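>>> Generate a structure from the sequence data that follows.
(chains A and B)
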Amino acid sequence: MTAEIGQAAIFLSVLSCLWAIAFLSVGLRTRNPHAIQSGRNAVIATFILISISTGALIYGFVTDDFSMRYVVEVSSAAQPLFYKITALWGRMSGSLLFWLWILTVVGAIVVWQSHQRNKNTQDTLADHALIPIVIVQLFFTVLVTGLIEGIYNPLARLPDGQVAADGQGMNPLLQTPLMAIHPPTLYLGWISLTVPFAFAVGALTSGRVGSEWILRSRRWTLFSWIILTIGITLGGNWAYRELGWGGYWAWDPVENASFMPWLLGTAYLHSVMIQEKRNMLKLWNILLITLAFQFTLLGTFITRSGIIASVHAFAQSDIGPYFLGFIFVSTAGVIGLVIYRWKRLKSANQLESLLSRESAFILNNWLLVGLTLIILWGTLWPVISEAINGEKSSVPESFFNKVVIIPGILLLFLTGAGPIISWKKITANNFRRLFVFPLLVGLVGGALTWGFLALIGHAFPLYSVLCSFAAVFVLVAICAEFYRGAKLRAKRQETSLLNGLNLLIQRNKRRYGGYIIHIGIVILYIGIMGSKGYFLLESKSLTMGDSMEVGKFQLTMKDSFQEEYANYRRTTVVFDVAKDGKQIGSMEAARHFYYKVGQGEQDTIESAIRHFGVNDLYIALGNIPPDIKTGGVVNVQGYHNPLVGVVWIGIAVMVLGGIVAIAEKSDRSQDS
Amino acid sequence: MKRKNRFKIIAASVMLLGGMVFLVVAMTRSTSMRHFTPASLVLDGSSADNQRIQVDGLIAAGSSQWDAANFVLTFAIQDRETDATVNVIYKDQLKPDNFTDGGSVFVEGEYDASQNLVVATKLMTKCASKYDGAESAVPTDETSYNSSE
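Numbering: from 1, shown residues only, chains lettered A, B, ... in the order given. Next up, the predicted model:
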């Protein structure tokens, strides 16, 4: 019965979406507060209805209702309760419903925020912004009704009253806490980007194309950015620990799909500052946030439509055309509105010099958007190449690594140059005061890196030297900004430098939060440079008692044992670890053999990772033969991943900076 | 707005754009790998001799040999539609999970036309029946439902 109620709620929410669109549009046009209020209520109603549907599906999971098709496909009776619930987003139908549910939460929050803001008067901008949000909701609602060919209703039952004995269960690779929260984190980040996009559309429809829409949606954008940063990292961290190939990023289409909206969101966070400060780039900002929003849908299209032949996209579905259609129609709508408001979107100011903060921001935007397009090009190359010469081709991981490195280092340089270069036009004084010292220290940093790498036997590593130069320059430039500001505050308030620093950040969280993010970026780059550029991989077949070398480390296979768990058997292999001949402990790598999940059996790698400061020693095992204790051979891969810990630290600092920046409540920028 | 200034801005933009386009085109040309099936390799394999290519198909039943002591996996990829095959050798890497006869397989490597052999540097597998896109951040769809009953 609950499944039927859930289905009914989905159909009813089609009506509530249509109701909201109609009443908001008419109400805003005729300035009828009652109609507008009715439209807002319909947004809340959609939220309640979709919550009922989602609740009904979760109920199906919890009660093991194997008459429901979706429950059969992603759950099983033996699945732990936690993973029964996270099965909600285990496959496409449920993911779409879950996506829709978050979007209805977002819609309800926008209504609530505008209610809080203006209890008595109307808040037209937010009401205008609600319409595009509801249109996106409607799109997803229609997708999950089950009326669309190729996508079934997640609450549908099996045909002809069938009841399965048990479910097929969720892939054991996904049955880790990290993997359980990784997809919803990404969804949340993507979906939050709908709000700034909706405010941009609202600005166009209402004609209020000043900076208000940007400021009103600023915290949503930042929230999305923080959550996407976390979500992408969770994926990389999970891959690193679970997949056993020693890396965290491989430029896979799915990874790219999550990364591209992040890049565009980052570009947008920067370009809006130019509009606020200098009243420029009005049009660009609207187009940029539109692009960022469309890329969240495009990502779904790329990964789900089966147009890209990678391991992730093996499974095809019919969902592609709907997403592509929606992307085209909604983009056309925005372009139409832009043309309609053309006159109001003209910039009041123009660029005065190539060497100015405005130019730095614009260059940052070019590079970020350029990187996005390059990644899109690489991701879609199989489709593009087929269109060009009728032959399907792909580009490997190395294409991306090679092509992003120069724009990447330029961007790194800008994270330091942008904040210290003066507005309008650089002056000799500005250069002397703020640039010379960081540049010099940067040169020293680059030279030291060169020297160090030469010492451990690398020929001139151009990119590492450039990257270190830029990293040190940025670090010094940003820290000097903090120091100068803190000293000034401390002097004015007659307090300590540390208090001064605290005051400084408190007074302008947005700006200094941003600078903290920049420091995180520097740290991240150093980590990427070390772990991508200088990792070591040794492969060897070992029998009990054998040893292998990984850099300075010696691994000796010492023991093996088995343990039985609820739905898998774990076989552990113990290694003695020595560094430079000196015993320093042991590591346990393992394989999990899942044999109770559905009909499938699966054998997964459980890598052993040991941290030495920020460097990792990493062991992955091949299949473990039953006779391992009596001469059976195990394939062992040992990695030495330098500075990989720095990657996670850098991202943590970025998130921290984001949290500082989002704490700024004011709608108005205090940037000086 | 000074004309000279505008010229400088346009020139800088063109240079930046040109640089990026050049980089992308050059890198695409040097790294792009053609995509084959065993059947299309039979037809057009000679044109791919000594080139890096991608091949996708099924693991031919009974073809795989795993030399654990020397870390060498050899097997044949069977075309999904015809009975064409291509041999693969994959060295110094772990044998992937789910490497079973009849499973989907996707390799990247250098092709030797005279031996109809791919020296693979990358190999990905997918379980034949059950979990779609196992490694996917966003678990994939329901197309396998009918086939897995």
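>>> which SS class is residue B:12?
The assignment at residue B:12 comes out as helix when based on DSSP: H, G, I helix; E, B strand; the rest coil.
>>> for it, what are its contacts?
residue A:354 (CB atoms under 8 Å, 6 or more residues apart in numbering or on different chains). For every residue, glycine as well, the C-beta is placed using N, CA and C.
>>> and what of residue A:615?
Residue A:615 neighbours (CB under 8 Å, 6+ apart): A:640, A:641, A:642, A:643, A:644, A:645.
>>> Break chain A down into its structural domains.
A:1-175, A:216-347+A:356-395, A:409-534+A:648-662, A:536-641 (automatic domain parsing).
>>> Now tabulate those domains in a markdown table and tack on mean pLDDT.
Below are the domains of chain A laid out as a markdown table (pLDDT from 0 to 100):
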| stretch | mean pLDDT |
| --- | --- |
| domain A:1-175 | 91 |
| domain A:216-347+A:356-395 | 88 |
| domain A:409-534+A:648-662 | 93 |
| domain A:536-641 | 89 |
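>>> And these: which comes nearest residue B:29?
Nearest to residue B:29 among these is domain A:216-347+A:356-395 (10.1 Å), distances taken as CB to CB.
>>> how long is that closest one end to end?
One end of domain A:216-347+A:356-395 sits 41 Å from the other (CA to CA, to the nearest Å).
>>> again with stretch B:61-78
Calculated as CA to CA, the first-to-last residue distance of stretch B:61-78 is 8 Å.
>>> for stretch A:168-180, same thing?
Its first and final residues considered, stretch A:168-180 spans 17 Å by CA to CA.
>>> buried set for that stretch?
A:168, A:169, A:170, A:171, A:172, A:173, A:174, A:175, A:179, A:180 (16 or more other CB atoms under 10 Å in any protein chain shown).
>>> Over to stretch B:32-50?
Of the residues in stretch B:32-50, B:32, B:33, B:34, B:35, B:36, B:37, B:38, B:39, B:40, B:41, B:45, B:48 count as buried by neighbour count, 16+ other CB under 10 Å.
>>> Name the nearest of those relative to residue A:86.
residue B:35 (34.8 Å).
>>> Any residue of the helix or strand hosting the closest one touching chain A?
Residue B:35 belongs to strand B:33-36 when elements are defined using DSSP states H and E. Yes. Strand B:33-36 is in contact with chain A by CB under 8 Å from any CB of the partner chain, via B:33, B:34, B:35.
>>> Provide a list of residues in contact with the residue lying closest to residue A:392 once chain neighbours are set aside.
Ranked by CB to CB, 6 or more residues apart in numbering or on different chains and with sequence neighbours excluded, the top spatial neighbour of residue A:392 is residue B:35, at 4.0 Å. Applying CB under 8 Å, 6+ apart to residue B:35 gives the contacts A:309, A:382, A:391, A:392, A:393, A:394, B:53, B:54, B:55, B:56.
>>> can you put these in CSV and add secondary structure?
Listed next are these as CSV, based on three-state DSSP:
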residue, secondary structure
A:309, coil
A:382, helix
A:391, coil
A:392, coil
A:393, strand
A:394, strand
B:53, strand
B:54, strand
B:55, strand
B:56, strand
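>>> ok, of these, which come out buried?
A:309, A:382, A:392, A:393, A:394, B:53, B:54, B:55, B:56.
>>> beta partners for the residue positioned nearest the centre of chain B?
With distances taken as CA atoms, centre = their mean, residue B:54 lies nearest the centre of chain B, 3.7 Å away. For residue B:54, the beta-bridge partners under DSSP bridges are residue B:35, residue B:108.
>>> go on, the one 4 residues further on?
Bridge pairing for residue B:58 (DSSP bridges) gives the partners residue B:78, residue B:104.
>>> quick one: it from chain A, how far?
Residue B:58 is 12 Å from chain A, where distance means CB to the nearest CB, to the nearest Å.
>>> Cross-check the contact I'm expecting between that residue and residue B:76.
No. Contact criterion CB atoms under 8 Å: residue B:58 and residue B:76 do not qualify, at 9.7 Å.
>>> Not counting its neighbours along the chain, what's nearest residue A:505?
Nearest residue to residue A:505 in three dimensions, chain neighbours excluded: residue A:512, at 4.5 Å (CB to CB, 6+ apart).
>>> Now for that neighbour, how many residues are close by?
Residue A:512 has 24 neighbouring residues, counting by other CB atoms under 10 Å in any protein chain shown.
>>> And stretch A:44-52, what's buried?
In stretch A:44-52, counting by 16+ other CB under 10 Å, buried: A:44, A:45, A:46, A:47, A:49, A:50, A:51, A:52.
>>> In JSON lines: those, plus secondary structure.
Formatted as JSON lines, the buried residues of stretch A:44-52 follow (three-state DSSP):
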{"residue": "A:44", "secondary structure": "helix"}
{"residue": "A:45", "secondary structure": "helix"}
{"residue": "A:46", "secondary structure": "helix"}
{"residue": "A:47", "secondary structure": "helix"}
{"residue": "A:49", "secondary structure": "helix"}
{"residue": "A:50", "secondary structure": "helix"}
{"residue": "A:51", "secondary structure": "helix"}
{"residue": "A:52", "secondary structure": "helix"}
